[in-house]
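Enquirer: build me a model:
(one chain, ligands or ions: 2)
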Amino acid sequence: MTVQEFQEQFGIVGRSKAIRDLADIAMQVARSDVTALLSGESGVGKEVFARAIHGYSARSEKRLVSVNCGAIPEGILESELFGHVKGSFTGAAEARKGYFEQADGGTLFLDEIAETPVATQAKLLRAIENKEFMRLGAETITKVDVRFIAATNKDLETEVAAKRFRKDLYFRLKAVTLNIPPLRERKIDVEELALKFAREFGERRGNGSLELTRGALELLREHPWPGNVRELRNAIETAVALTRDYVLDEATFAPLLRREETFEERNLPVAVGRTPEEVDRELIYRALFELKKDIMEIKDILNERDYAREPEIVEDPFPEVYSMREVERRAIEAALKKTGGNKRRAALLLNISERTLYRKMKEYDL
Ligand SMILES: Nc1ncnc2c1ncn2[C@@H]1O[C@H](COP(=O)(O)OP(=O)(O)OP(=O)(O)O)[C@@H](O)[C@H]1O
Ligand SMILES: [Mg+2]
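Expert: Residues are numbered from 1 along each chain as shown. Ligands and ions are numbered 1, 2, ... in the order given. Now for the predicted structure:
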């Protein structure tokens, strides 16, 4: 099979040198059992390559099991990966096979590997190296025959430096790394991808091939695509849904590719092309959010409990502690000061008899 045929069979669109080279490497990787690491920004096609490697490998008849290491709660990740025996923890009513066993004979795709908690990373490394592990609560070792593919959109070297990722696991994974460049660094692929998606969504809508004008393609080519191929795919899908005829032109895409830098775009999971309605909705949400913030602030001020913002004006909830004697002495002192030494009025203020006051004054030498 040629690289081109491989790309066609597994739907890897792209004529750029980067993609052709990666496809070539993926073919070689597929023929072996070596662990591969796919890295690249969100939406560049890591999963596409993972499927192609599995699909072209001798394991293609067996399962490709995908685990999103970032989406599974920390507490249950290990039991999800390695399985558990009956009664190994509260709620473990039945024994369960983990992903490692489910992938036996096939491929285990460890997606978002950088999100694996450090504690689990050690176990993961051992399991990857030896292809054996223990189910939670088990006393015996389980062996599996699995090929591993890991993916990350984080720079693992940075994660290692920050001590969020184990160095030994990193070295184990990085032997064969397929680094998929962002779409903006391979603009030559935009046209082919856009046409493929236009065909795909056009057919799905039942009106066959949709045309993209030169101007539209130019516009798409120059867009920075922070969400990469996924964003392009979404943009085409929206455009196909919005268009009334069979031509997608600049005017169709212009509102979809507008980017509101002010809308904390980086925090959005995936930056997709937005329709004017979506942009409007975002602005309304943002306004509501600001309004809510204002209300909270006003509430705080009214309640005089704006601790978070101005800790220096906060009164100590635990003022200094004095002995009861000292409290008494200070109270008498204050009462005398306030009444200009008038003992009768001071005693009234203190709610004690004049006689007691005299006695106490003597006692405290006032
Ligand atoms: N080279 C490509 N050819 C065809 N389709 C592609 C290509 N690259 C990506 N896609 C499509 O773009 C979308 C996103 O790709 P994919 O899910 O593989 O990205 P990813 O790198 O795994 O992203 P994430 O990090 O967010 O999981 C999918 O719909 C996929 O089919
Ligand atoms: Mg993915």
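Enquirer: any idea how far the closest residue to ligand 1 within the stretch 1-150 of the chain is from Ile19?
Expert: Residue nearest to ligand 1 within the stretch 1-150 of the chain: Gly45 (2.6 Å; C-beta to the nearest ligand atom). Heads up, the C-betas are built off the backbone N, CA and C, glycines and all. Between Gly45 and Ile19 the distance, using C-beta to C-beta, to the nearest Å, works out to 8 Å.
Enquirer: how many neighbours does the residue of the stretch 1-150 of the chain closest to ligand 1 have?
Expert: 25 (other C-beta atoms under 10 Å).
Enquirer: re earlier: between Gly45 and Ile19, what contacts are shared?
Expert: Taking C-beta atoms under 8 Å, 6 or more residues apart in numbering as the contact criterion, the common neighbours of Gly45 and Ile19 are Ile12.
Enquirer: quick revisit: which residues does the residue of the stretch 1-150 of the chain closest to ligand 1 contact?
Expert: If a contact means C-beta under 8 Å, 6+ apart, then Gly45 has 12, 180, 228-229 as its contacts.
Enquirer: from the residues you listed, which is closest to ligand 1?
Expert: Taking C-beta to the nearest ligand atom as the measure, Val229 is the one of these closest to ligand 1, at 3.5 Å.
Enquirer: poorly predicted segments of the stretch 151-300 of the chain, please.
Expert: Where the stretch 151-300 of the chain drops to pLDDT under 70, the residues are 207, 258-274.
Enquirer: quick one, helices of it?
Expert: In order along the chain, the stretch 151-300 of the chain carries the following helices (DSSP state H, counting those that start in this stretch): 156-161, 167-173, 188-204, 214-222, 228-242, 250-253, 276-303.
Enquirer: around ligand 1, which positions in the stretch 51-200 of the chain sit nearby?
Expert: Contacts of the stretch 51-200 of the chain with ligand 1, taken as C-beta under 6 Å from any ligand atom, map to Asn153.
Enquirer: show me the strands in the stretch 51-200 of the chain, by range?
Expert: 64-68, 107-111, 132-134, 141-143, 147-152, 176-179 (DSSP state E, counting those that start in this stretch).
Enquirer: adding distance to Phe82 and mean neighbour count, write those out as JSON lines.
Expert: What follows is the strands of the stretch 51-200 of the chain, written out as JSON lines (distance: least, C-beta to C-beta, whole Å; neighbours: other C-beta atoms under 10 Å):
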{"stretch": "strand 64-68", "distance to Phe82": "11", "mean neighbour count": "18"}
{"stretch": "strand 107-111", "distance to Phe82": "12", "mean neighbour count": "24"}
{"stretch": "strand 132-134", "distance to Phe82": "5", "mean neighbour count": "17"}
{"stretch": "strand 141-143", "distance to Phe82": "8", "mean neighbour count": "13"}
{"stretch": "strand 147-152", "distance to Phe82": "14", "mean neighbour count": "26"}
{"stretch": "strand 176-179", "distance to Phe82": "24", "mean neighbour count": "16"}
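Enquirer: out of those strands, which comes closest to Asp300?
Expert: Nearest of the strands of the stretch 51-200 of the chain to Asp300, taken as C-beta to C-beta: strand 64-68 at 38.7 Å.
Enquirer: what is that closest one packed up against?
Expert: Packed against strand 64-68, as judged by 3 or more C-beta pairs under 8 Å, 6 or more residues apart in numbering; DSSP states H and E, are the following elements: helix 46-56, helix 99-102, strand 107-111.
Enquirer: show the average pLDDT along the shortest one.
Expert: Yep, that's helix 99-102 we're talking about. Summarised as a single mean, pLDDT over helix 99-102 is 95.
Enquirer: please renumber the chain so that the first residue is 2 from this point on.
Expert: All right, first residue 2 from here; so that's helix 100-103.
Enquirer: tell me which residues are up against the helix or strand encompassing Val328.
Expert: For Val328, the host element (DSSP states H and E) is helix 325-339. With contact meaning C-beta under 8 Å, 6+ apart, helix 325-339 is reached by 323, 344, 347-348, 350-351, 358, 361-362, 365, 367.
Enquirer: mind running it again at 7 Å?
Expert: Defining contact as C-beta atoms under 7 Å, 6 or more residues apart in numbering, one finds that helix 325-339 is touched by 347, 350-351, 361-362, 365, 367.
Enquirer: and the strands of the stretch 52-201 of the chain as JSON lines, adding distance to Asp281?
Expert: Output for those, formatted as JSON lines (distance: least, C-beta to C-beta, whole Å):
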{"stretch": "strand 65-69", "distance to Asp281": "32"}
{"stretch": "strand 108-112", "distance to Asp281": "34"}
{"stretch": "strand 133-135", "distance to Asp281": "51"}
{"stretch": "strand 142-144", "distance to Asp281": "54"}
{"stretch": "strand 148-153", "distance to Asp281": "35"}
{"stretch": "strand 177-180", "distance to Asp281": "38"}
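Enquirer: much appreciated, bye for now.
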